[in-house]
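Q: Structure of the sequence below:
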Amino acid sequence: MNDRTSCRPWQGSEYSGRLILGEAHYGVPAEDDDAELTIRVIQDFIDGWRHPFFTKIAQVVTGLPVTQVDHATFWQTVAFHNFVQSSVGRARERPSREQWEEGHRLFPVALRRLEPKPTHILVLGQCVMRNMPPFDAPRPPPISEDDGTTVDDQLGFYRTSPSRLALAMVINHPAAPGFSPRKWHPLVRTFFAH
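A: Just a heads-up that it's a prediction; the model follows:
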């Protein structure tokens, strides 16, 4: 594990409060695992490198099919941060207990680094949510979609400054088998509208 304070989150030039929280970087050589890793990965994606995980994130937020997503435009509108602060290894490996604990400790640091402060935190994956700090404020009323889909059991607030809170919601991880951006988009759209 590196001795850095924490990775810097990606923050697009048009970011206005929507933070996407992933799990970890995987398969990164030790020499590339530094505080700028997340920023380099997103910039590489904007510059043309493609990975299904990042494409699905853009689809679930925009609701657009893969052929219509403008990646450069989308990634400028959000912030992105991985909860686990050091590379995990191969894709099927899991973060160690120490890595989860480090992420837990440094999560508030990432929130403080973003300006403006996050208003919404979209958490990618139940495993990430289980390892996050407890919510800082009581859960709001459930968020429901017209089709009856409701999220309320893992919906709450994190403090981003002494006077501000960000609403957080978890969805399935985009790399999970059977993940459907089309299925999750209506709920994500409603979440970001709250």
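Q: tell me the secondary structure for the spatially most central residue of the chain?
A: For the chain, Leu21 is the residue whose C-alpha lies nearest the centre (Cα atoms, centre = their mean; 1.7 Å). Assigned with DSSP: H, G, I helix; E, B strand; the rest coil, Leu21 falls in the strand class.
Q: Need phi/psi at the nearest residue to it once chain neighbours are set aside.
A: Spatial nearest neighbour of Leu21, chain neighbours left out: Val123 (4.9 Å); criterion: Cβ to Cβ, 6 or more residues apart in numbering. Placement of C-beta: from N, CA and C, glycine included. Torsion angles at Val123 (phi, psi; degrees, to the nearest 10) stand at phi -90, psi 130.
Q: Val123 bridge partners, please.
A: Here Val123 sits in beta bridges with Leu21, Val170, going by DSSP bridges.
Q: Need the CA coordinates for stretch 24-38. CSV is fine.
A: The C-alpha coordinates for stretch 24-38 follow below in CSV (Å, rounded to 0.1, in the frame of the first residue of the first chain):
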residue,chain,number,x,y,z
ALA,A,24,-11.1,-0.1,-6.9
HIS,A,25,-8.6,-0.2,-9.7
TYR,A,26,-7.6,-3.7,-10.7
GLY,A,27,-4.4,-5.0,-12.4
VAL,A,28,-2.4,-1.8,-12.1
PRO,A,29,1.4,-2.2,-11.9
ALA,A,30,2.9,-0.9,-8.6
GLU,A,31,4.8,1.9,-10.4
ASP,A,32,1.5,3.3,-11.8
ASP,A,33,-0.4,3.0,-8.5
ASP,A,34,-0.2,6.6,-7.3
ALA,A,35,-2.4,9.5,-6.3
GLU,A,36,-3.1,10.5,-9.9
LEU,A,37,-4.2,7.0,-11.1
THR,A,38,-7.9,7.7,-11.2
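Q: what is the mean pLDDT for it?
A: Across stretch 24-38, pLDDT averages out at 83.
Q: what comes up buried for that stretch?
A: Ala24, His25, Tyr26, Val28, Asp33, Leu37, Thr38 (16 or more other Cβ atoms under 10 Å).
Q: again with stretch 184-194
A: Trp184, His185, Leu187, Val188, Thr190, Phe191, Phe192.
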